[in-house]
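J.: Following is a predicted model, sequence given first.
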Amino acid sequence: MNENPEMCLCRFFGLVFYIGRTIGVSPVIWKHEEGTCVYRKSMYSLTWSFVLIILLVLKLGTYTEFEALTAVHALPILLNGVTDLLYYLYLMVMILNINWRATQWEKLLNNMNRVSRNDGLLCETALRTGRKVTYTFVATVFLIVISNCAILAYLQFSDSYETKFSFQFIGGKVMQNGVLMFYVYVFSYTSAFIGILTCFEKVSLAALKYKKIEPMEKITPSDNQQEIFFGFTYTVCASEHIPSPEISELTKAEVLEYFRILHERISELINGFNGCMNPLLLVHVVIEIIVIVINWYSVIIKIAYDFTEPETQTIFVLNLVFAISHTIGLFVFLRNGQKLSNMVQGYIGFLTEYSTRVSTEEEYIQVRIFIEKIEEHRQFSASGIFPIDLGIAGPV
């Protein structure tokens, strides 16, 4: 094990953690001790998060857009007020949920670091690739937020639109797009888990001296090739994983048992992350679907009907940008959740095929236990109510 790696878990999550601390959703602090990353609860971050919650509560207490919900206005203006109110409440829930589970986050990250460093299941190549993917998501979110601010400024000062936005309205629009950082938070962790699972597959296949049969390479899926967005693919891990001398000395049955235990640790990490994010995942999916439907409905009624209030035209433009960006964000989020579950379950296919090659009863028993343990893995879900996968995208 390299005592002073150029890339480690804290450098992988560094940018996300710094941004998260600013908006109150990163309750841990990290440092290097004896060549490894160590995570602890940060009292500064917890205090800052508490201050942000108080400010949000005070903001809700003086919420001027309540007028839009109680007075007679055009429907697009009313729906915009509902959307802003929902997101203020959602932001409070997100900060509370993540900081309430600060101890669980500390435990999860330290366990992830042990799997990465001690078990060698998140090599430096996979960490670098994952960091680039995370930076891509962060840059995309910032681009969306800056684009929306530019559109907002244009609509505010353009002679073509008769509008004069209040600071409340502008703040609400920036906040709506800032919530996209939730996706970056989830994507960064799923990228790490995808890296761990990919490295696990490579080292386990090498230890068992197994070579995949891929007669049609162009249509044969590989966990080492992942897609960020539509058509944008990347290689998760370009390194060769050579089993340690200790593993090489084990029998095939003992190798299977060793990797079964290792796979259980990975499953526990994914379940731990799922637990840290609940019930936030449930709240997020429900609120996001509601506001996406509201915004698409607002866009449709503006196309179908004419409204006399000048704000409706500018709200239409902003809602259209919001609906498109958040619909894509939700789709990619659900797709990542399904991808993670598929990768955990995907190892069953290899084990089933490998079972036809075993020569001893001990190996066969280990293969059966391995498959049963994978089948017991809990699917990535929203508080166990429904799985986080593309099955939700259909009704939306």
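T.: Yes, it's here.
J.: for the residue nearest to R128 when sequence neighbours are not counted, helix, strand, or coil?
T.: Spatially, and ignoring its direct neighbours in sequence, R128 is nearest to M7 (5.4 Å; CB to CB, 6 or more residues apart in numbering). C-beta coordinates here come from the backbone N, C-alpha and C atoms, glycine included. Three-state assignment for M7 (DSSP: H, G, I helix; E, B strand; the rest coil): coil.
J.: List the contacts of T36.
T.: Applying CB atoms under 8 Å, 6 or more residues apart in numbering, one finds that T36 lies in contact with 8, 113, 117.
J.: how about H377, what does it touch?
T.: 267, 270-271, 344-345.
J.: which of those residues sit farthest apart?
T.: Greatest spatial distance among these (CB to CB): N271 and Q345, at 13.8 Å.
J.: neighbour-wise, which of the contacts of H377 leads?
T.: Highest neighbour count within these, by other CB atoms under 10 Å: I270, with 23 neighbours.
J.: Quick check: chain neighbours aside, which residue is closest to that residue?
T.: Using CB to CB, 6+ apart, the nearest residue to I270 is F193, at 5.7 Å.
J.: Just say helix, strand or coil for that neighbour.
T.: helix.
J.: could you dump the contacts of H377 to CSV with secondary structure?
T.: Shown next, in CSV, are the contacts of H377 (three-state DSSP):
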residue, secondary structure
S267, helix
I270, helix
N271, helix
V344, helix
Q345, helix
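J.: In contact with the residue nearest to I270, which residues are there?
T.: Applying CB under 8 Å, 6+ apart, the residues near F193 are 266, 269-270, 273, 340.
J.: could you redo the last one with a cut-off of 7 Å?
T.: Contacts here follow CB atoms under 7 Å, 6 or more residues apart in numbering; on that basis F193 touches 269-270, 340.
J.: now L320
T.: Counted by CB under 7 Å, 6+ apart, L320 has contacts V299.
J.: now swap in N111 and tell me
T.: N111 neighbours (CB under 7 Å, 6+ apart): 269, 272.
J.: Find the helix or strand that it is a member of.
T.: Using DSSP states H and E, N111 falls within helix 102-117.
J.: quick one: buried residues of the very next helix or strand once past that helix?
T.: Downstream of helix 102-117, the first helix or strand assigned by DSSP H and E is helix 124-157. For helix 124-157, the neighbour count (16 or more other CB atoms under 10 Å) marks 124-131, 133-134, 136-138, 140-142, 144-145, 148, 151-152, 155 as buried.
J.: helices or strands up against helix 124-157?
T.: helix 9-22, helix 167-178, helix 181-207, strand 232-235, helix 311-354 (3 or more CB pairs under 7 Å, 6 or more residues apart in numbering; DSSP states H and E).
J.: do that again at 10 Å, thanks
T.: helix 9-22, helix 102-117, helix 167-178, helix 181-207, strand 225-229, strand 232-235, helix 311-354 (3 or more CB pairs under 10 Å, 6 or more residues apart in numbering; DSSP states H and E).
J.: can you count the residues close to the residue nearest to R128?
T.: Neighbours around M7, by other CB under 10 Å: 18.
J.: Any regions of the stretch 101-250 of the chain where pLDDT drops low?
T.: Within the stretch 101-250 of the chain, the stretches with pLDDT under 70 are 158-169, 178, 211-223, 228-231.
J.: 50 instead?
T.: 216-221 (pLDDT under 50).
J.: picking up where we left off before, of the helices and strands packed on helix 124-157, flag the one that's most buried.
T.: Mean neighbours per residue, mean count of other CB atoms under 10 Å, is largest over these for helix 181-207, with a mean of 23.
J.: relative to helix 311-354, how tilted is that one?
T.: Counting by axes from the mean of the first three to the mean of the last three CA atoms, to 10 degrees, helix 181-207 points 10 degrees away from the direction of helix 311-354.
J.: Relative to the whole chain's centre, how far out is helix 181-207?
T.: Relative to its chain's centre, helix 181-207 lies at 12 Å (CA atoms, centre = their mean, to the nearest Å).
J.: Also stretch 125-140?
T.: Worked out by CA atoms, centre = their mean, stretch 125-140 lies 12 Å from the chain centre.
J.: What of stretch 246-256?
T.: With CA atoms, centre = their mean, you get 35 Å for stretch 246-256.
J.: can you give me the end-to-end distance of that stretch?
T.: 14 Å (CA to CA, to the nearest Å).
J.: Same question for stretch 353-367.
T.: 10 Å.
J.: what packs against the helix or strand encompassing I289?
T.: Following DSSP H and E, one finds I289 within helix 280-304. Helix 280-304 sits against helix 75-100, helix 181-207, helix 311-354, strand 381-382, strand 386-387, with contacts defined as 3+ CB pairs under 10 Å, 6+ apart.
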